[in-house]
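>>> show me the folded form of this:
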Amino acid sequence: MPRAIAYDLTRLFLGPLSQSPRGIDRVDIAFANYLFFNRKIESVGILPTPWGIRAFNADMVRRGLDHLHHIWAERIDEGEDPHWQGLVAAILEQGVPNRPAPRRKPAGLLTKAQRMWMHLRRTGIALGRSVATLPHGAIYLNIGQIGLAVPVFHRWLANRRDITAAFMLHDTIPLEYPQFVSPSSVTHHARMVQTALERADLVITTTQHARETIVSTMAQMGRADVPIHVRGLPLPAALGMPRSADPALAGRHYFLTCSTIEPRKNHGLLIDVWRRIVARMGARAPHLVIVGSPGRHAETILGEIAGDPALARHIHHVSGLSSPALGRLTLGAAAMLCPSYAEGFGLSVLEANALGVPTIASDIASHREIANAQTRLLPPDDRHAWEEAIMDLPPGFLRSTPAIPETMTEAAYCRDITAFLHNFAQTKHKDAMQDFSLRHEKRP
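Next up, the predicted model:
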């Protein structure tokens, strides 16, 4: 019989605090959808509460997921996205200096509190039940990784050694590149790895490069024997839906970059390149669309654009764009640009590859693993090479979503991980029984 899966909901519970999902959010909610909307899988939601770590039934989790999809607008048509039309207008009306780039104002504390309250109301407020009641031999799965930095959230596993605990770790970038993050982020990530080291039976990651760095970090912390399973991330379902590029943008020469706005993502290189291109080409310069939520030092990065009117006519930042709209935007782009200094995976590279869009990406280990024939890899600090590569590419055209290989779908990803977890848990159970038998036989 398949084992029950106890799925950690911490990241998804906090989802209403964000205007749109990040890459890790999409993976987390895809897995939750797979588990809780499949009546053949016995699943319960795990969530830290003021009254301890509790388990919640599948009906309640489904209500929460439905409302989160509504908040994130993942299931709407791109025409219903209020940011889409504004972005299209910004690209088409080049040379209009007084038209601001479409940008959603960050939500204040009151707005976030209202969203969380509405989320609780739509989901239902319940006490849940103790994790001590979870079925024997269940699998605890934490994809969101957000709660790993709080060790107390996982102490209950010490009393349930029958449970197989599996944690996803995307990377160890804050520990490898502390110059790109705050000191608190370094401490936060170290706690995450330490929790996985102490509590995990299995770690899941996305590339061989990420696996190597996680193994190395764990060895330095005192444990080098944690099994690590590598499975590449899927294409988000909302991006793989059949659609075509927007005819209104036909012939428009624009490039796209998608990521949180922070120093590690190297937006500064693209801004410098565009400054040189605009100086050389003037109004004929191509456009750059930056899609992503503001992160650390975003105000400095985006301030460079706002402070240069000529540059601002050709670089547009949009936050809160729905995934359906992002899919349509990607299909019409000349290329996806991914100049990051470090990545655990590189989801934007995978997305552009899957949609048949050329990609220019930084030549780093994770990108080399997922690059295809349409990916050009360049040093993340060679501005001249990036400028030449960008100018070599013609405008995009009216592409349509190609057939997505089944192995790249969210369903295949979730199915593969779930099957691996069941097999792993079965082996763990057999090994435990054998150890018990050996100890019993050795008794006098």
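>>> from now on I want contacts and neighbour counts done on CA atoms only, so please keep to that.
Noted.
>>> got the end-to-end distance for stretch 214-232?
16 Å (C-alpha to C-alpha, to the nearest Å).
>>> enumerate the positions of it that are buried.
Ile214, Val215, Thr217, Met218, Val226, Ile228, His229, Val230, Gly232 (16 or more other C-alpha atoms under 10 Å).
>>> quick one, what contacts the fourth one?
Residues counted as contacts of Met218 (C-alpha atoms under 8 Å, 6 or more residues apart in numbering) are Val193, Gln194, Leu197, Ala224.
>>> just the pLDDT at the last one, thanks.
What the model reports as pLDDT for Ala224 is 86.
>>> pretty sure it sits against Ile214.
No. With contacts counted by C-alpha atoms under 8 Å, Ala224 stays clear of Ile214, the gap being 9.4 Å.
>>> now do the SS call for Leu233.
coil (DSSP: H, G, I helix; E, B strand; the rest coil).
>>> before we move on, the earlier item: which among the contacts of Met218 gets closest to Pro402?
Val193 (38.2 Å; C-alpha to C-alpha).
>>> ok, that closest one - how many residues close by?
The number of residues packed near Val193 is 24, by other C-alpha atoms under 10 Å.
>>> ok, the one 4 residues further on next?
When neighbours are defined as other C-alpha under 10 Å, Leu197 has 22 of them.
>>> and it, how far from Pro358?
39 Å.
>>> do the same with Leu87
When Leu87 is compared with Pro358 (using C-alpha to C-alpha), they lie 21 Å apart.
>>> what segments of this structure are strands?
Assigned by DSSP state E, the chain shows strands spanning 5-8, 43-49, 52-56, 129-130, 139-142, 164-168, 202-205, 228-230, 254-258, 287-291, 315-318, 336-338, 359-362, 375-378.
>>> out of those, the one nearest Ala237 is which?
Comparing the strands of the chain by C-alpha to C-alpha, strand 254-258 comes nearest, at 16.8 Å.
>>> report the distance from stretch 128-144 to the chain centre.
Remark: stretch 128-144 is offset 24 Å from the chain centroid, using C-alpha atoms, centre = their mean, to the nearest Å.
>>> list the buried ones in it?
For stretch 128-144, by 16+ other C-alpha under 10 Å, it's Gly128, Val131, Leu134, Gly137, Ala138, Ile139, Tyr140, Leu141, Asn142, Ile143, Gly144.
>>> count of residues packed around the residue lying closest to Pro395 once chain neighbours are set aside?
Distances taken as C-alpha to C-alpha, 6 or more residues apart in numbering place His253 nearest to Pro395, at 4.4 Å, with adjacent residues excluded. The number of residues packed near His253 is 21, by other C-alpha under 10 Å.
>>> begin at 127 from now on, thanks
Sure, I'll start counting at 127 from here, so that last one is His379.
>>> measure His379 to Leu428 for me?
Taking C-alpha to C-alpha, one finds His379 at 21 Å from Leu428.
>>> mind putting the strands of the chain into JSON lines with distance to Leu246?
Below are the strands of the chain laid out as JSON lines (distance: least, C-alpha to C-alpha, whole Å):
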{"stretch": "strand 131-134", "distance to Leu246": "17"}
{"stretch": "strand 169-175", "distance to Leu246": "13"}
{"stretch": "strand 178-182", "distance to Leu246": "13"}
{"stretch": "strand 255-256", "distance to Leu246": "17"}
{"stretch": "strand 265-268", "distance to Leu246": "21"}
{"stretch": "strand 290-294", "distance to Leu246": "26"}
{"stretch": "strand 328-331", "distance to Leu246": "30"}
{"stretch": "strand 354-356", "distance to Leu246": "34"}
{"stretch": "strand 380-384", "distance to Leu246": "30"}
{"stretch": "strand 413-417", "distance to Leu246": "29"}
{"stretch": "strand 441-444", "distance to Leu246": "28"}
{"stretch": "strand 462-464", "distance to Leu246": "37"}
{"stretch": "strand 485-488", "distance to Leu246": "41"}
{"stretch": "strand 501-504", "distance to Leu246": "43"}
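>>> buried deepest among those, which one?
Greatest average neighbour count among the strands of the chain goes to strand 462-464 (a mean of 27), per mean count of other C-alpha atoms under 10 Å.
>>> centre of the chain versus that one, how much separation?
16 Å.
>>> so what touches it?
381-384, 391, 456, 474-475, 478, 483-488.
>>> quick one: the residue nearest to Pro521 and Leu519 touch, right?
No. Applying C-alpha under 8 Å as the test, His379 and Leu519 come out as separate, 9.2 Å apart.
>>> any weak-confidence spans in this structure?
Residues of the chain meeting the criterion pLDDT under 70: 127, 220-243, 247, 558-570.
>>> and it, what are its domain boundaries?
What automatic domain parsing lists as the domains of the chain is 131-198+236-294+535-567, 362-518.
>>> perfect, that will be all.
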